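J.: Sequence below, structure please.
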Amino acid sequence: MKIIELTKETTDNLLEELLQRSPNSYGEYESCVNEIIENVRTRGDEAVFEYTRRFDGADIDAEHILVTDDEIQQAYQEVDASLLDVIRKSLASIRSFHEKQCQNSWFESKDNGVILGQRVIPLEKVGVYVPGGKAVYPSSVLMNIIPAKAAGVEHIIMTTPPGKDGKVNPSTLVAAKEAGADAVYKVGGAQAVAAMAFGTRRIPKVDKIVGPGNIYVALAKKAVFGYVSIDSVAGPSEILVLADETANPVFAAADLLSQAEHDEMASAIMITTSRELAEKVSKEADRFTAGLSRRDIIQKSLDHYGYILVAKNMEEAVAAANAIASEHLEILAKNPFEIMTKIRNAGAIFLGPYSSEPLGDYYAGPNHVLPTNGTARFFSALGVDDFIKKSSIISYSKEALEQVYKDIIQFAESEQLTAHANSIRVRFEEQ
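T.: A predicted model of the protein is given here:
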């Protein structure tokens, strides 16, 4: 890994480099994605089936696009019992965490007849996209469906690309069934996003689309935003390890590689106050990489976006971490909780040597769908709030309105909105 001194210039250069990984920089793919979306929008299922044959090599038709109960039962037979047990334990942790996020409607009544409140309403239909092909992510199935269930969403559908045999990975199906998906459709890519955004004869239109995907999926979600809601336009995975001289270099190196193996464009960054630690971590990263199954991907990720930045002190290191606003932030230091209070921007924060990032990916309970590409400055982890909407409630008695109606008229007329003023005036003054 590249070891460099942390300065304002190196931080600025790094931020600029990381931003090039954003889906906002993938303009070359947009015309292709827009063509797919428009084709699905106008031709519906016919276009979906054509793209599935073209991109996934699967001959899917109207009779086979929906996963059947028999296929789900077969999946249960194929998934190892011990893995099913782990999925259920993980599900329980995720559900417990997200149920604590639930909000209630509230109302406030005053003596003069004013009633104000907020009604919390779950979305009616949500679509969850789950990657397929070589990638198998039952953990993402749980992380996207469970908060929607906790929020009270009435209907949750899932789309995922099939294999060439027209089947969906068994662990993905089992996770969907356990989490509570109402229907699973065998379709992936931008065509799946378009189908959920606009609806086809076989695939229902939803109110919101969530879930990770490749460049085409990310750009498709961006393109349909406004017709439906989306969770985010996610970029490649990221980890930032903030460490002092007490950190274990073996732990730090292993954690950095846990994200580098996701994608050649994933970033793995450590900021430390110790040059000695930086050199040890770099050596350990090389040692681990040589023996890992995805070493080619890891090496390309590290070559392009793997950095160890050496800071003068922890204050400087924290400032850089806040500027980078990483998806995952680990604090490996003698006082992690104190340092954590100074962190403003991070998708998820892992404290101490035994809170490795994969713990959050699979088991702890907080959501692993997190803001990337610096968007942790203003976005949060996926949660129950993403699957609800809020309606304001306003009720005034005649007595209550009479006390304030002249103020409202004055305010409206100051904005030259005389019809607004008149709407209030007619209730108390003769015309």
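J.: what about Asp296, how many neighbours?
T.: Per other C-beta atoms under 10 Å, the neighbour tally for Asp296 reads 12. C-beta here means a position set from N, CA and C on the backbone, and glycine is covered the same way.
J.: And it, how close does it get to Tyr305?
T.: Counting by C-beta to C-beta, to the nearest Å, the separation of Asp296 from Tyr305 is 15 Å.
J.: One more: Asn313?
T.: 25 Å.
J.: Now do the same for Asn214: its pLDDT.
T.: Predicted confidence (pLDDT) for Asn214: 86.
J.: separation between it and Tyr129?
T.: From Asn214 to Tyr129 the distance is 10 Å (C-beta to C-beta).
J.: mind exporting stretch 369-378 as CSV, just the C-alpha atoms?
T.: Taking Å, rounded to 0.1, in the frame of the first residue of the first chain, the C-alpha atoms of stretch 369-378 are listed here in CSV:
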residue,chain,number,x,y,z
VAL,A,369,-26.5,-0.3,3.2
LEU,A,370,-24.4,2.9,3.8
PRO,A,371,-23.6,6.2,2.1
THR,A,372,-20.6,6.2,-0.2
ASN,A,373,-18.4,8.7,-2.1
GLY,A,374,-18.4,11.3,0.7
THR,A,375,-22.2,11.3,0.9
ALA,A,376,-22.0,10.4,4.6
ARG,A,377,-21.7,14.1,5.0
PHE,A,378,-25.5,14.3,4.5
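J.: gap between it and the chain center?
T.: Chain-centre distance of stretch 369-378: 9 Å, with C-alpha atoms, centre = their mean, to the nearest Å.
J.: ok, and what's touching it?
T.: Residues outside stretch 369-378 that contact it (C-beta atoms under 8 Å, 6 or more residues apart in numbering): 15, 18-19, 21-22, 140, 143-144, 210-212, 231-232, 234-238, 324-328, 344-348, 379-382.
J.: next one: stretch 413-431
T.: With C-beta under 8 Å, 6+ apart, stretch 413-431 has contacts from 398, 401-402, 405, 408-409, 412.
J.: As a markdown table, the residues you listed with pLDDT, distance to Gly226 and secondary structure would be great.
T.: As requested, the contacts of stretch 413-431 are exported to a markdown table (pLDDT from 0 to 100; distance: C-beta to C-beta, whole Å; DSSP: H, G, I helix; E, B strand; the rest coil):
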| residue | pLDDT | distance to Gly226 | secondary structure |
| --- | --- | --- | --- |
| Lys398 | 95 | 40 | helix |
| Leu401 | 96 | 36 | helix |
| Glu402 | 95 | 41 | helix |
| Tyr405 | 96 | 37 | helix |
| Ile408 | 97 | 32 | helix |
| Ile409 | 96 | 36 | helix |
| Ala412 | 97 | 30 | helix |
